[in-house]
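Trainee: give the three-dimensional model of this entry:
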Amino acid sequence: MVVGRLGRHRDDPARPLGRAAHLEGGRAPWASHHGGLPGPALRPLRAAADRRPALVRHPHHRVRPAHRHGRDRLGRRRHPALDRRAPGGIVVIVYFSAGGLVASAWVNLVQLVVLLAGFAVAIPWALSDIGGWAAIEATAARTSPDYLNLWQGGGSGWVYIALLAPAFIISPGLVQKVYGATGPRAIRIGLLAAGVGLVLFAFAPTLLGMIARVYDPALASREQALPMLLATALPPALGLLGLAAVFSAEVSSADAGLFMLSTSLSKDLYKGFLKPEATSRQVLRVARGAAIAGGTLGVLLALWLESVIASLTIFYSILSVSLFVPVAAGLHSRRAGVPEALAAIGAGLAALGAVHLFVPADAPALLDRTLIGLIVSAAAFALVAAVRRHRRGA
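Mentor: From the prediction side, this is the model:
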(Lines give C-alpha, C1' and ligand atoms only; values in the text may rest on other atoms or scores of the structure.)
Protein backbone atom coordinates (compact mmCIF):
# COMPACT_ATOMS: atom_id res chain seq x y z
CA MET A 1 0.00 0.00 0.00
CA VAL A 2 1.18 3.50 -0.75
CA VAL A 3 1.34 5.95 2.12
CA GLY A 4 0.40 9.55 1.37
CA ARG A 5 2.64 12.57 1.65
CA LEU A 6 1.41 13.29 5.16
CA GLY A 7 2.43 9.93 6.61
CA ARG A 8 5.01 9.03 9.26
CA HIS A 9 8.67 8.18 9.04
CA ARG A 10 9.37 4.48 8.48
CA ASP A 11 12.09 4.26 11.12
CA ASP A 12 10.60 6.73 13.60
CA PRO A 13 6.78 6.63 13.60
CA ALA A 14 6.63 9.49 16.08
CA ARG A 15 8.28 11.88 13.61
CA PRO A 16 5.92 13.13 10.88
CA LEU A 17 7.23 13.35 7.35
CA GLY A 18 5.19 16.41 6.39
CA ARG A 19 5.04 17.07 2.64
CA ALA A 20 8.53 15.79 1.87
CA ALA A 21 8.26 12.04 2.29
CA HIS A 22 10.95 10.06 0.46
CA LEU A 23 10.99 6.77 -1.37
CA GLU A 24 13.68 4.14 -1.47
CA GLY A 25 15.65 4.71 -4.63
CA GLY A 26 14.12 8.14 -5.24
CA ARG A 27 11.40 6.96 -7.65
CA ALA A 28 7.67 7.14 -7.33
CA PRO A 29 5.92 3.77 -6.85
CA TRP A 30 3.87 4.17 -10.01
CA ALA A 31 7.14 4.14 -11.99
CA SER A 32 8.55 1.03 -10.33
CA HIS A 33 6.95 -1.60 -12.58
CA HIS A 34 7.29 -0.48 -16.17
CA GLY A 35 9.43 2.61 -15.94
CA GLY A 36 6.63 5.08 -16.66
CA LEU A 37 3.40 5.68 -18.46
CA PRO A 38 2.31 3.97 -21.67
CA GLY A 39 2.51 6.23 -24.70
CA PRO A 40 4.50 9.39 -25.39
CA ALA A 41 1.50 11.68 -24.96
CA LEU A 42 1.58 11.22 -21.18
CA ARG A 43 5.33 11.57 -20.70
CA PRO A 44 5.11 15.26 -19.70
CA LEU A 45 2.74 14.25 -16.92
CA ARG A 46 5.17 11.63 -15.74
CA ALA A 47 8.03 14.11 -15.82
CA ALA A 48 6.02 16.53 -13.71
CA ALA A 49 5.12 13.76 -11.31
CA ASP A 50 8.76 12.74 -10.92
CA ARG A 51 9.57 16.25 -9.72
CA ARG A 52 6.98 16.16 -6.95
CA PRO A 53 7.71 14.81 -3.46
CA ALA A 54 7.80 11.05 -3.77
CA LEU A 55 5.64 8.64 -1.84
CA VAL A 56 6.53 5.93 0.64
CA ARG A 57 5.48 2.34 0.06
CA HIS A 58 4.84 0.98 3.51
CA PRO A 59 6.21 -2.54 4.03
CA HIS A 60 3.03 -3.79 5.71
CA HIS A 61 0.67 -2.30 3.14
CA ARG A 62 -1.34 -0.33 5.66
CA VAL A 63 -2.74 3.15 5.21
CA ARG A 64 -1.77 5.58 7.93
CA PRO A 65 -4.02 8.58 8.45
CA ALA A 66 -2.58 11.97 7.67
CA HIS A 67 -4.13 13.71 10.67
CA ARG A 68 -5.03 11.96 13.89
CA HIS A 69 -7.47 12.75 16.67
CA GLY A 70 -9.72 14.93 14.49
CA ARG A 71 -7.31 17.87 14.19
CA ASP A 72 -6.05 19.77 11.16
CA ARG A 73 -2.45 20.72 10.34
CA LEU A 74 -2.57 23.63 12.80
CA GLY A 75 -3.84 21.45 15.63
CA ARG A 76 -7.39 22.80 15.55
CA ARG A 77 -10.32 20.48 16.15
CA ARG A 78 -12.43 19.73 13.11
CA HIS A 79 -15.43 17.66 12.07
CA PRO A 80 -14.11 15.26 9.37
CA ALA A 81 -17.53 14.44 7.89
CA LEU A 82 -18.49 18.12 7.79
CA ASP A 83 -15.21 18.99 6.06
CA ARG A 84 -15.76 16.39 3.35
CA ARG A 85 -19.48 16.46 2.65
CA ALA A 86 -20.91 19.88 3.45
CA PRO A 87 -19.04 21.89 0.76
CA GLY A 88 -20.17 19.56 -2.02
CA GLY A 89 -23.76 19.75 -0.85
CA ILE A 90 -23.64 23.54 -0.72
CA VAL A 91 -22.37 23.70 -4.32
CA VAL A 92 -25.24 21.54 -5.56
CA ILE A 93 -27.86 23.50 -3.62
CA VAL A 94 -26.62 26.87 -4.90
CA TYR A 95 -26.38 26.11 -8.62
CA PHE A 96 -29.59 24.08 -8.79
CA SER A 97 -31.67 26.56 -6.80
CA ALA A 98 -30.43 29.39 -9.00
CA GLY A 99 -30.68 27.74 -12.43
CA GLY A 100 -33.09 24.81 -12.20
CA LEU A 101 -33.32 22.33 -15.06
CA VAL A 102 -31.29 24.44 -17.51
CA ALA A 103 -28.39 24.75 -15.09
CA SER A 104 -28.66 21.05 -14.28
CA ALA A 105 -28.50 20.08 -17.97
CA TRP A 106 -25.42 22.19 -18.71
CA VAL A 107 -23.66 21.17 -15.50
CA ASN A 108 -24.38 17.50 -16.27
CA LEU A 109 -22.81 17.92 -19.71
CA VAL A 110 -19.64 19.36 -18.19
CA GLN A 111 -19.68 16.61 -15.57
CA LEU A 112 -19.87 13.92 -18.25
CA VAL A 113 -16.83 15.33 -20.05
CA VAL A 114 -14.85 15.54 -16.80
CA LEU A 115 -15.97 12.06 -15.77
CA LEU A 116 -14.98 10.32 -19.00
CA ALA A 117 -11.70 12.25 -19.28
CA GLY A 118 -10.76 11.48 -15.69
CA PHE A 119 -11.37 7.77 -15.96
CA ALA A 120 -9.81 7.54 -19.44
CA VAL A 121 -6.51 8.81 -18.02
CA ALA A 122 -6.62 7.28 -14.54
CA ILE A 123 -7.38 3.69 -15.55
CA PRO A 124 -4.42 3.11 -17.95
CA TRP A 125 -2.01 4.76 -15.51
CA ALA A 126 -3.18 2.78 -12.47
CA LEU A 127 -3.40 -0.49 -14.41
CA SER A 128 0.13 -0.04 -15.74
CA ASP A 129 1.36 0.75 -12.24
CA ILE A 130 0.20 -2.54 -10.71
CA GLY A 131 1.61 -4.67 -13.55
CA GLY A 132 -1.38 -5.03 -15.84
CA TRP A 133 -4.37 -7.36 -15.83
CA ALA A 134 -2.22 -10.26 -14.62
CA ALA A 135 -1.89 -8.59 -11.22
CA ILE A 136 -5.68 -8.33 -10.93
CA GLU A 137 -6.09 -12.00 -11.84
CA ALA A 138 -3.49 -13.04 -9.27
CA THR A 139 -5.17 -11.05 -6.51
CA ALA A 140 -8.61 -12.33 -7.54
CA ALA A 141 -7.42 -15.94 -7.39
CA ARG A 142 -6.31 -15.42 -3.79
CA THR A 143 -9.59 -13.71 -2.90
CA SER A 144 -12.18 -16.08 -4.38
CA PRO A 145 -12.27 -18.59 -7.25
CA ASP A 146 -15.43 -16.91 -8.58
CA TYR A 147 -14.21 -13.33 -8.23
CA LEU A 148 -13.91 -12.80 -12.01
CA ASN A 149 -16.68 -15.22 -13.00
CA LEU A 150 -19.48 -13.38 -14.82
CA TRP A 151 -21.98 -16.22 -14.47
CA GLN A 152 -21.87 -17.05 -10.78
CA GLY A 153 -20.56 -15.86 -7.45
CA GLY A 154 -21.74 -13.18 -5.07
CA GLY A 155 -20.15 -10.41 -7.10
CA SER A 156 -21.45 -11.47 -10.51
CA GLY A 157 -24.13 -8.79 -10.52
CA TRP A 158 -27.06 -10.73 -11.97
CA VAL A 159 -29.11 -10.29 -8.81
CA TYR A 160 -28.26 -6.60 -8.72
CA ILE A 161 -29.58 -6.15 -12.26
CA ALA A 162 -33.03 -7.24 -11.11
CA LEU A 163 -32.78 -4.99 -8.06
CA LEU A 164 -31.25 -1.84 -9.57
CA ALA A 165 -32.50 -1.80 -13.18
CA PRO A 166 -36.04 -0.66 -12.24
CA ALA A 167 -34.63 2.37 -10.43
CA PHE A 168 -32.68 3.45 -13.51
CA ILE A 169 -35.68 2.94 -15.80
CA ILE A 170 -37.66 5.48 -13.78
CA SER A 171 -34.61 7.54 -12.79
CA PRO A 172 -35.59 11.17 -12.10
CA GLY A 173 -32.38 12.26 -13.77
CA LEU A 174 -33.51 10.69 -17.05
CA VAL A 175 -37.24 11.39 -16.81
CA GLN A 176 -36.73 15.09 -16.12
CA LYS A 177 -34.52 15.44 -19.21
CA VAL A 178 -37.11 13.59 -21.32
CA TYR A 179 -39.86 16.04 -20.35
CA GLY A 180 -37.54 18.96 -21.00
CA ALA A 181 -36.39 17.79 -24.45
CA THR A 182 -37.23 19.68 -27.64
CA GLY A 183 -38.79 16.68 -29.40
CA PRO A 184 -38.87 12.89 -29.92
CA ARG A 185 -35.63 12.88 -31.92
CA ALA A 186 -33.76 14.66 -29.13
CA ILE A 187 -35.18 12.15 -26.65
CA ARG A 188 -33.98 9.14 -28.66
CA ILE A 189 -30.48 10.57 -29.16
CA GLY A 190 -30.24 11.67 -25.54
CA LEU A 191 -31.35 8.33 -24.11
CA LEU A 192 -28.95 6.43 -26.38
CA ALA A 193 -26.06 8.66 -25.35
CA ALA A 194 -27.05 8.35 -21.69
CA GLY A 195 -27.10 4.56 -21.98
CA VAL A 196 -23.62 4.47 -23.50
CA GLY A 197 -22.35 6.80 -20.79
CA LEU A 198 -23.87 4.66 -18.04
CA VAL A 199 -22.23 1.53 -19.45
CA LEU A 200 -18.82 3.22 -19.52
CA PHE A 201 -19.30 4.57 -16.04
CA ALA A 202 -20.36 1.14 -14.76
CA PHE A 203 -17.08 -0.45 -15.86
CA ALA A 204 -14.66 2.34 -14.93
CA PRO A 205 -15.14 2.59 -11.14
CA THR A 206 -15.39 -1.19 -10.86
CA LEU A 207 -12.06 -1.65 -12.61
CA LEU A 208 -10.46 1.01 -10.42
CA GLY A 209 -11.81 -0.80 -7.36
CA MET A 210 -10.21 -4.04 -8.55
CA ILE A 211 -6.93 -2.17 -9.01
CA ALA A 212 -7.26 -0.78 -5.48
CA ARG A 213 -7.63 -4.33 -4.17
CA VAL A 214 -4.22 -5.12 -5.66
CA TYR A 215 -2.71 -2.15 -3.83
CA ASP A 216 -4.21 -3.10 -0.49
CA PRO A 217 -6.18 -6.38 -0.27
CA ALA A 218 -6.83 -5.75 3.45
CA LEU A 219 -8.23 -2.23 3.08
CA ALA A 220 -10.24 -1.50 6.22
CA SER A 221 -13.06 0.41 4.48
CA ARG A 222 -14.08 -0.66 0.99
CA GLU A 223 -15.73 2.71 0.43
CA GLN A 224 -12.29 4.34 0.67
CA ALA A 225 -10.80 2.16 -2.08
CA LEU A 226 -11.33 4.58 -4.95
CA PRO A 227 -10.33 7.76 -3.07
CA MET A 228 -7.27 5.95 -1.72
CA LEU A 229 -6.21 4.85 -5.18
CA LEU A 230 -6.70 8.24 -6.79
CA ALA A 231 -5.08 10.15 -3.93
CA THR A 232 -2.00 7.98 -3.39
CA ALA A 233 -1.29 5.89 -6.49
CA LEU A 234 -1.52 8.67 -9.07
CA PRO A 235 0.32 11.96 -9.50
CA PRO A 236 -1.56 14.95 -8.06
CA ALA A 237 -2.85 16.22 -11.42
CA LEU A 238 -4.27 12.85 -12.46
CA GLY A 239 -5.54 12.10 -8.98
CA LEU A 240 -7.46 15.37 -8.88
CA LEU A 241 -8.90 14.67 -12.34
CA GLY A 242 -10.06 11.23 -11.22
CA LEU A 243 -11.57 12.59 -8.01
CA ALA A 244 -13.31 15.27 -10.07
CA ALA A 245 -14.82 12.50 -12.19
CA VAL A 246 -16.20 10.77 -9.10
CA PHE A 247 -17.52 14.07 -7.73
CA SER A 248 -19.19 14.78 -11.08
CA ALA A 249 -21.19 11.57 -10.88
CA GLU A 250 -22.32 12.32 -7.34
CA VAL A 251 -23.34 15.88 -8.23
CA SER A 252 -25.41 14.59 -11.15
CA SER A 253 -27.32 12.23 -8.86
CA ALA A 254 -27.79 14.94 -6.24
CA ASP A 255 -29.32 17.53 -8.57
CA ALA A 256 -31.64 14.87 -10.02
CA GLY A 257 -32.95 14.18 -6.53
CA LEU A 258 -33.40 17.89 -5.83
CA PHE A 259 -35.34 18.31 -9.08
CA MET A 260 -37.67 15.45 -8.19
CA LEU A 261 -38.27 16.84 -4.71
CA SER A 262 -38.75 20.48 -5.72
CA THR A 263 -41.15 19.77 -8.60
CA SER A 264 -43.23 17.33 -6.55
CA LEU A 265 -43.65 19.75 -3.66
CA SER A 266 -44.23 22.85 -5.79
CA LYS A 267 -46.37 21.50 -8.65
CA ASP A 268 -48.08 18.42 -7.24
CA LEU A 269 -48.59 19.47 -3.62
CA TYR A 270 -48.54 23.27 -3.51
CA LYS A 271 -50.27 24.13 -6.79
CA GLY A 272 -52.24 20.90 -7.04
CA PHE A 273 -53.79 20.90 -3.56
CA LEU A 274 -52.75 23.77 -1.31
CA LYS A 275 -53.08 26.74 -3.67
CA PRO A 276 -54.40 25.91 -7.16
CA GLU A 277 -54.54 29.61 -8.12
CA ALA A 278 -50.81 30.13 -7.42
CA THR A 279 -48.89 32.13 -10.02
CA SER A 280 -45.76 30.91 -11.79
CA ARG A 281 -43.62 33.19 -9.61
CA GLN A 282 -45.10 31.71 -6.44
CA VAL A 283 -44.58 28.16 -7.68
CA LEU A 284 -40.97 28.99 -8.55
CA ARG A 285 -40.42 30.43 -5.08
CA VAL A 286 -41.78 27.27 -3.46
CA ALA A 287 -39.67 25.08 -5.76
CA ARG A 288 -36.48 26.93 -4.82
CA GLY A 289 -37.34 26.74 -1.14
CA ALA A 290 -38.00 23.01 -1.46
CA ALA A 291 -34.65 22.54 -3.23
CA ILE A 292 -32.79 24.39 -0.47
CA ALA A 293 -34.60 22.47 2.27
CA GLY A 294 -34.11 19.14 0.51
CA GLY A 295 -30.44 19.80 -0.12
CA THR A 296 -29.89 20.76 3.51
CA LEU A 297 -31.65 17.60 4.64
CA GLY A 298 -29.47 15.60 2.25
CA VAL A 299 -26.30 17.05 3.77
CA LEU A 300 -27.54 16.20 7.27
CA LEU A 301 -28.31 12.64 6.17
CA ALA A 302 -24.83 12.37 4.65
CA LEU A 303 -23.35 13.39 8.00
CA TRP A 304 -25.52 10.87 9.83
CA LEU A 305 -25.18 7.88 7.49
CA GLU A 306 -21.64 6.54 7.73
CA SER A 307 -21.96 4.29 4.67
CA VAL A 308 -22.46 5.61 1.15
CA ILE A 309 -23.70 2.19 0.07
CA ALA A 310 -26.31 2.20 2.84
CA SER A 311 -27.70 5.58 1.80
CA LEU A 312 -27.82 4.61 -1.88
CA THR A 313 -29.49 1.31 -1.02
CA ILE A 314 -32.22 3.09 0.93
CA PHE A 315 -32.81 5.60 -1.86
CA TYR A 316 -32.95 3.09 -4.72
CA SER A 317 -35.05 0.62 -2.73
CA ILE A 318 -37.74 3.18 -1.94
CA LEU A 319 -37.61 4.61 -5.46
CA SER A 320 -37.98 1.22 -7.14
CA VAL A 321 -40.67 -0.18 -4.88
CA SER A 322 -42.84 2.92 -4.87
CA LEU A 323 -42.63 4.12 -8.48
CA PHE A 324 -41.57 1.37 -10.88
CA VAL A 325 -44.81 -0.62 -11.04
CA PRO A 326 -47.19 2.41 -11.23
CA VAL A 327 -45.08 4.18 -13.87
CA ALA A 328 -44.38 1.11 -16.03
CA ALA A 329 -47.95 -0.19 -15.85
CA GLY A 330 -49.41 3.27 -16.35
CA LEU A 331 -47.42 3.77 -19.55
CA HIS A 332 -48.58 0.47 -21.04
CA SER A 333 -52.16 0.30 -19.76
CA ARG A 334 -54.95 2.75 -20.54
CA ARG A 335 -57.30 1.35 -17.92
CA ALA A 336 -55.01 1.73 -14.92
CA GLY A 337 -55.84 4.60 -12.62
CA VAL A 338 -55.09 6.21 -9.29
CA PRO A 339 -56.45 3.33 -7.11
CA GLU A 340 -54.10 0.83 -8.74
CA ALA A 341 -51.13 3.18 -8.33
CA LEU A 342 -51.88 3.91 -4.68
CA ALA A 343 -52.33 0.22 -3.93
CA ALA A 344 -49.02 -0.63 -5.58
CA ILE A 345 -47.17 2.10 -3.69
CA GLY A 346 -48.68 1.25 -0.31
CA ALA A 347 -48.28 -2.52 -0.59
CA GLY A 348 -44.75 -2.27 -1.96
CA LEU A 349 -43.53 0.04 0.80
CA ALA A 350 -45.24 -2.10 3.46
CA ALA A 351 -43.52 -5.22 2.13
CA LEU A 352 -40.20 -3.39 1.97
CA GLY A 353 -40.48 -2.38 5.61
CA ALA A 354 -41.65 -5.82 6.74
CA VAL A 355 -38.76 -7.62 5.07
CA HIS A 356 -36.32 -5.10 6.50
CA LEU A 357 -37.63 -5.64 10.03
CA PHE A 358 -38.26 -9.38 10.11
CA VAL A 359 -35.97 -11.04 7.55
CA PRO A 360 -32.35 -11.53 8.69
CA ALA A 361 -29.60 -9.74 6.81
CA ASP A 362 -27.91 -13.01 5.80
CA ALA A 363 -31.05 -14.37 4.09
CA PRO A 364 -30.82 -15.62 0.47
CA ALA A 365 -30.75 -13.04 -2.30
CA LEU A 366 -34.25 -14.04 -3.43
CA LEU A 367 -35.55 -12.66 -0.12
CA ASP A 368 -34.09 -9.23 -0.78
CA ARG A 369 -36.38 -6.50 0.49
CA THR A 370 -36.42 -4.60 -2.80
CA LEU A 371 -37.23 -7.71 -4.82
CA ILE A 372 -40.03 -8.73 -2.45
CA GLY A 373 -41.36 -5.18 -2.47
CA LEU A 374 -41.51 -5.13 -6.27
CA ILE A 375 -43.34 -8.46 -6.39
CA VAL A 376 -45.90 -7.38 -3.79
CA SER A 377 -46.34 -4.01 -5.52
CA ALA A 378 -47.06 -5.70 -8.86
CA ALA A 379 -49.46 -8.14 -7.20
CA ALA A 380 -51.38 -5.33 -5.49
CA PHE A 381 -51.60 -3.38 -8.74
CA ALA A 382 -52.93 -6.41 -10.61
CA LEU A 383 -55.40 -7.27 -7.84
CA VAL A 384 -56.94 -3.80 -7.67
CA ALA A 385 -57.06 -3.60 -11.47
CA ALA A 386 -58.90 -6.95 -11.61
CA VAL A 387 -61.41 -5.87 -8.94
CA ARG A 388 -62.16 -2.60 -10.73
CA ARG A 389 -62.50 -4.39 -14.07
CA HIS A 390 -64.94 -6.85 -12.51
CA ARG A 391 -67.01 -4.01 -11.06
CA ARG A 392 -67.13 -2.21 -14.38
CA GLY A 393 -68.25 -5.41 -16.09
CA ALA A 394 -70.95 -5.97 -13.50
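Trainee: centre of the chain to stretch 327-344, how far?
Mentor: On the basis of CA atoms, centre = their mean, to the nearest Å, stretch 327-344 sits 30 Å off its chain's mean C-alpha point.
Trainee: repeat that for stretch 165-180.
Mentor: 16 Å.
Trainee: pLDDT averaged over it - what is it?
Mentor: Here stretch 165-180 scores 79 as its mean pLDDT.
Trainee: going forward, the N-terminal residue is numbered 52.
Mentor: All set: I'll call the first residue 52, so the last point we hit is now stretch 216-231.
Trainee: need the residues that contact it.
Mentor: 152, 155-156, 159, 238, 241-242, 245, 249, 303-304, 306-308, 310-311, 314, 367, 370-371, 374-375, 378-379, 425 (CB atoms under 8 Å, 6 or more residues apart in numbering). In short, each C-beta sits where N, CA and C put it, glycine included.
Trainee: apply 6 Å and report the result again.
Mentor: 152, 238, 307, 310, 311, 367, 370, 371, 374, 375, 378 (CB atoms under 6 Å, 6 or more residues apart in numbering).
Trainee: and for stretch 388-408?
Mentor: Outside stretch 388-408, the residues touching it (CB under 6 Å, 6+ apart) are 372-373, 376-377, 420, 423-424, 427-428, 431-432, 435-436.
Trainee: chain center to it: distance?
Mentor: For stretch 388-408, the distance to the chain centre is 26 Å (CA atoms, centre = their mean).
Trainee: buried ones in that stretch?
Mentor: Within stretch 388-408, the residues that count as buried by 16 or more other CB atoms under 10 Å are 391, 392, 394, 395, 396, 398, 399, 400, 402, 403, 406.
Trainee: and which of those residues is nearest to residue 288?
Mentor: residue 403 (44.5 Å; CB to CB).
Trainee: identify the residue nearest the closest one in space, chain neighbours excluded?
Mentor: residue 424 (3.8 Å; CB to CB, 6 or more residues apart in numbering).
Trainee: which residues of the stretch 302-445 of the chain fall in helices?
Mentor: Using DSSP state H, counting those that start in this stretch, the helices of the stretch 302-445 of the chain run over residues 331-355, 359-370, 376-383, 389-409, 420-444.
Trainee: between these, which one is nearest to residue 293?
Mentor: helix 359-370 (16.9 Å).
Trainee: turn the helices of the stretch 302-445 of the chain into a markdown table, including distance to residue 215.
Mentor: Converted to a markdown table, the helices of the stretch 302-445 of the chain look like this (distance: least, CB to CB, whole Å):
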| stretch | distance to residue 215 |
| --- | --- |
| helix 331-355 | 20 |
| helix 359-370 | 6 |
| helix 376-383 | 15 |
| helix 389-409 | 15 |
| helix 420-444 | 8 |
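Trainee: helix or strand for the spatially most central residue of the chain, which one?
Mentor: By CA atoms, centre = their mean, the mean C-alpha position of the chain lies nearest to residue 301, the distance being 5.4 Å. Applying DSSP states H and E as the criterion places residue 301 in helix 287-314.
Trainee: just want the angle from that helix to helix 359-370.
Mentor: 30 degrees (axes from the mean of the first three to the mean of the last three CA atoms, to 10 degrees).
Trainee: and the buried residues of stretch 388-408, which is closest to residue 265?
Mentor: Distances from residue 265 to the buried residues of stretch 388-408, taken by CB to CB, are shortest for residue 406, at 36.4 Å.
Trainee: ok so, going back, list the buried residues of the helix holding residue 301.
Mentor: Under 16+ other CB under 10 Å, the buried positions of helix 287-314 are 289-290, 292-294, 296-300, 302-303, 305-314.
Trainee: for the lengthiest helix in the chain, enumerate the helices and strands it packs against.
Mentor: Taking DSSP state H as the criterion, the chain has its longest helix at helix 131-181. If you count contacts as 3 or more CB pairs under 6 Å, 6 or more residues apart in numbering; DSSP states H and E, helix 131-181 packs onto helix 235-266, helix 287-314, helix 331-355.
Trainee: pLDDT of it, averaged?
Mentor: 77.
Trainee: what about residue 344, how many residues nearby?
Mentor: 15 (other CB atoms under 10 Å).
Trainee: over to the one 4 residues further on?
Mentor: Neighbourhood size, residue 348 [other CB under 10 Å]: 12.
Trainee: one step back: neighbour-wise, which of the contacts of stretch 216-231 leads?
Mentor: residue 371 (25 neighbours).
Trainee: and the angle from the longest helix of the chain to helix 331-355?
Mentor: Orientation of helix 131-181 against helix 331-355 (the same axes, to 10 degrees) gives an angle of 70 degrees.
Trainee: other residues contacting the helix or strand following helix 131-181?
Mentor: Sequence order places helix 184-194 as the next helix or strand after helix 131-181, per DSSP H and E. When contacts are defined by CB under 6 Å, 6+ apart, helix 184-194 is touched by residues 198, 199, 261, 264, 265.
Trainee: among these, give me the pair with the biggest separation.
Mentor: 199 and 265 (13.0 Å).
Trainee: more neighbours, those two?
Mentor: residue 265 (20 against 16).
Trainee: quick check, the more buried one in contact with residue 181.
Mentor: Yes. Contact criterion CB atoms under 6 Å: residue 265 and residue 181 qualify, at 4.6 Å.
Trainee: re earlier: can you put the buried residues of stretch 388-408 in a markdown table and add pLDDT?
Mentor: Converted to a markdown table, the buried residues of stretch 388-408 look like this (pLDDT from 0 to 100):
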| residue | pLDDT |
| --- | --- |
| 391 | 93 |
| 392 | 93 |
| 394 | 95 |
| 395 | 95 |
| 396 | 94 |
| 398 | 96 |
| 399 | 94 |
| 400 | 95 |
| 402 | 95 |
| 403 | 93 |
| 406 | 92 |
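Trainee: and this protein, what are its domain boundaries?
Mentor: For the chain, the structural domains run 52-129, 133-355, 358-445, going by automatic domain parsing.
Trainee: worst mean pLDDT among those domains?
Mentor: Averaging pLDDT over each of the domains of the chain puts domain 52-129 lowest, since it has a mean of 41.
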